[in-house]
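Undergrad: Turn this into a structure:
(2 chains)
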Amino acid sequence: MVRNDPSEKGATGFLPSGGARVASMRWAGRYLPVIGMPLLLAVALLFTTWIHPSFGAFDIQSLALGALPLAFAAAAQTCVVISGGIDLSVGSLIAVANVLAASTMQHADFRQALLLAAGILIAGAISGAINGAIVVLSRIPDVVVTLTTGFIWGGVALLIMEKPGGGAPQQFLDLAAGTTLAPWLPNAVILLIAAVAVVWIPLKLGRAGLLVYAVGSDRVAAFRSGVGVETTRILAYTLSGLFSAMGGLALTMTTAIGAPLAGVYYTLSGLAALVIGGVSLTGGRGGISGPVLAAFVLTLIPTDLIFLNIDPNYGQVIQGTLIVLVVMLGGFVTVLRNRK
Amino acid sequence: MSARIPSTGRRPPSVLGKRSRDLLVFLRDHTIVALVLLLCIFVFGIELIRPGTVTPTWLSNSLQFAAPLGILAAGQTLVMLTGGIDLSVASVATGAAYLLTTNVSLGGFAAVLIALAFGVIVGALNGIGVALLQVQPLVMTLGTGLMSGGVMIVYSQKMLASQARVPGFIQALGSGKLWGVAPLDLFLWVPLAALLIFGLSRTGFGRLLYAIGDNRLACHLTGIRVWRILLVNYILCSVVAAVGGLVLVGSTNAADLGLADVYLLPSVAAVIIGGTSIFGGRGGYGGSIVGAVILTVLTSLLTLLDVPEPIKQILYGAIILVLAAAYARLTG
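TA: Residues are numbered from 1 along each chain as shown, chains lettered A, B, ... in the order given. Here you go, the predicted model:
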């Protein structure tokens, strides 16, 4: 909670250069977040093909399918964390969207399913906005609010569907399954890139994105520069809700059913992807590609464990350990930098 | 997680008369009174819905059910006073309970020690991250919670479930009553509470917790070894959470890997409702106790309402939000 520490937020970048070591450190600090994740994913994929030589197009496809909901969860969390908040209700919103989709689409045709999907996306955005509005208006800390709304949305999911069931038309499922363009490019990846780009690129190019980063990096400074801090925070939560709804739809596509409790997993894993993807939890730093790519790495872990003949249940241990190690390393670097 | 925005001043409650304004000021300065009033309203509501429910037995049962939550909230209070949060308490409680039941063959005492050692390990990990490496408590404890939960899953695969058993004295602790009236877990909870309330207000360690929560940098500059205090504090929190898990498994008489999951939100909510600021430096355990009792009574109130489980969950969450929001408004 040491938030007012100036050295924590890139102030060192403006200091005069102090030799090659500092320069290289700064270079690493600037470009590692950009190239780090693709590099890590490439290494993870190479490692997987090394331990399991027959790892091919089909495995890539199932990896993409498995990672799809998690990638959206990570994207959802990213929007809020960049704005300086935290959203512990992502998993529950994913569950709500999932059961909503599976229960309404069961007997729908493809066109109706698409309409329903659009409706669910809107509902997700509204739910996110409600989260944001509660955070802003109630003055309760965001952790507590989203922990509680997560509980409430979990209840809503159970209300919609008591036990796993429902379904969706095959054509809708095919949006994510299979490969259309190239055998090495699963539809799930195209869908993911398209969906994230549609939201993120306009945001990043426009004024709203700048405001989100500004509010996340220093809320008081943003407030004093005339930024509408409250609306910006609500916007961030709205985007989080939208991405969560996408995650729920993706979960429906990949599992073909709705399960009221399946979403819960994605709150923590999404946060894990975010941390590993290099988004600063103090806000204002990081992009969306890191967490999304990290979702693939995290999904690869249980697969690799199976290939290595290790109990895949170690997956959660590894995930937790990764979070802990990454944040500890980040803290260690900060402590070292402050000491100088 | 959030920086404090400079306050633009409290809006004068001009619509209110002088007397009600005085009442608001009184409640703001004595929030515990407001909490106890609220508790009375809930109890009254229960009596209203189903007359004859509120009896001495009901009271004693409620306190018995409140004890695990109250104990979990104790650890949470310690951590929140320093401006942190511990989201691993539920995993630690579950893990401790599971370790206890699967190691009974080593003897009850040894099993309890193993369970508490689990708390020490997770707490030390949290403490090292938060105190030494200045990681945000939220993400650190989420990570260790995920990790310890995963360790328990792997561990459960290796153990034969048939060996699991809750030792008699833990069962008595969690569900027994002295002379049929006084719940035995109160004999653990009340001394713990007394120790905490005394420790927080009268010892150097307790004062330092408030000081760190108020301004960590200032503490550091005055020469306080902040990291030591925080490290000890996080270990304390996890050990207390482990104790809470033991009491809980004593009342359920069986440990599964989701045993204490439902207690994560209430453990935070009880502390918040009890008036401890999540930004640290303000509050105390007294409020958390009342908060835990309120949440327990709220649960039984919702049980009395004849509504489906999901609706109960939604109402429970909504009421927590309303209470926390009212509290935030009242105290500014």
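Undergrad: same for the helix or strand where A:Gly270 lies, what does it pack against?
TA: Secondary-structure assignment from DSSP states H and E places A:Gly270 in helix A:265-276. Helix A:265-276 is packed against helix A:57-82, helix A:90-105, helix A:289-307, helix A:314-339, helix B:137-158, with contacts defined by 3 or more CB pairs under 8 Å, 6 or more residues apart in numbering or on different chains; DSSP states H and E. The way it works is simple: take the backbone N, C-alpha and C, and place the C-beta from them, glycine included.
Undergrad: So the first one, near chain B or not?
TA: This means helix A:57-82. No - counting by CB under 8 Å from any CB of the partner chain, chain B is not contacted by helix A:57-82; separation bottoms out at 9.2 Å.
Undergrad: May I see the buried residues of that helix?
TA: Taking 16 or more other CB atoms under 10 Å in any protein chain shown as the neighbour-count basis, helix A:57-82 is seen to contain the buried residues A:59-61, A:63-82.
Undergrad: before we move on, what about the fourth one?
TA: Within helix A:314-339, the residues that count as buried by 16+ other CB under 10 Å are A:314-324, A:326-328, A:330-331, A:334.
Undergrad: near chain B, which residues of the stretch 151-300 of chain A?
TA: Residues of the stretch 151-300 of chain A found near chain B (CB under 8 Å from any CB) are A:151-152, A:154-159, A:162, A:218-220, A:223, A:229, A:268, A:271-272, A:275, A:281-282.
Undergrad: May I see the ChimeraX selection of the buried members of those?
TA: The ChimeraX selection below is limited to those of those classed as buried (16+ other CB under 10 Å):
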select /A:151,152,154,155,156,157,158,159,218,219,223,229,268,271,272,275,281,282
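Undergrad: which residues touch B:Leu178?
TA: Residues in contact with B:Leu178 (CB atoms under 8 Å, 6 or more residues apart in numbering or on different chains) are B:Leu184, B:Phe187.
Undergrad: One more: the one 10 residues further on?
TA: Contacts here follow CB under 8 Å, 6+ apart; on that basis B:Leu188 touches B:Ala67, B:Ile71, B:Leu173, B:Val243, B:Val247.
Undergrad: can you check A:Thr303 too?
TA: A:Thr48, A:Asp59, A:Leu63, A:Gly66.
Undergrad: let's go with 7 Å and repeat that
TA: In this structure, A:Thr303 makes contact with A:Thr48, A:Leu63, judged by CB atoms under 7 Å, 6 or more residues apart in numbering or on different chains.
Undergrad: confidence score at it?
TA: As predicted, A:Thr303 sits at a pLDDT of 79.
Undergrad: what are the ranges of the strands in chain B?
TA: Assigned by DSSP state E, the strands in chain B fall at B:177-178, B:182-183.
Undergrad: Of the ones you listed, flag the one that's most buried.
TA: strand B:182-183 (a mean of 19; mean count of other CB atoms under 10 Å in any protein chain shown).
Undergrad: elements contacting it?
TA: In terms of contacts (3 or more CB pairs under 7 Å, 6 or more residues apart in numbering or on different chains; DSSP states H and E), strand B:182-183 is packed against helix B:56-81.
Undergrad: circling back: got the angle for the helix holding A:Gly270 vs helix A:90-105?
TA: Angle, helix A:265-276 to helix A:90-105, by axes from the mean of the first three to the mean of the last three CA atoms, to 10 degrees: 130 degrees.
Undergrad: Contacts for helix A:265-276, please.
TA: Counting by CB under 7 Å, 6+ apart, the neighbours of helix A:265-276 from elsewhere in the structure are A:69-70, A:73-74, A:76-78, A:81, A:88, A:90-91, A:94, A:150, A:247, A:291, A:294-295, A:297-298, A:319, A:322-323, A:326-327, B:139, B:142, B:146.
Undergrad: Pick out the residue closest to the middle of chain B.
TA: For chain B, the residue nearest the mean C-alpha position is B:Ala73 (1.3 Å; CA atoms, centre = their mean).
Undergrad: thinking again about what came up before, Throw the contacts of B:Leu188 into TSV and include pLDDT and neighbour count, thanks.
TA: Putting the contacts of B:Leu188 into TSV (pLDDT from 0 to 100; neighbours: other CB atoms under 10 Å in any protein chain shown) gives the following:
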residue	pLDDT	neighbour count
B:Ala67	89	30
B:Ile71	92	29
B:Leu173	74	22
B:Val243	92	26
B:Val247	89	25
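Undergrad: What is the nearest of those residues to A:Ser54?
TA: Of all the contacts of B:Leu188, the one sitting nearest A:Ser54 is B:Val243; the distance, using CB to CB, is 50.7 Å.
Undergrad: For the closest one, give me its contacts.
TA: Counting by CB under 7 Å, 6+ apart, B:Val243 touches B:Ile71.
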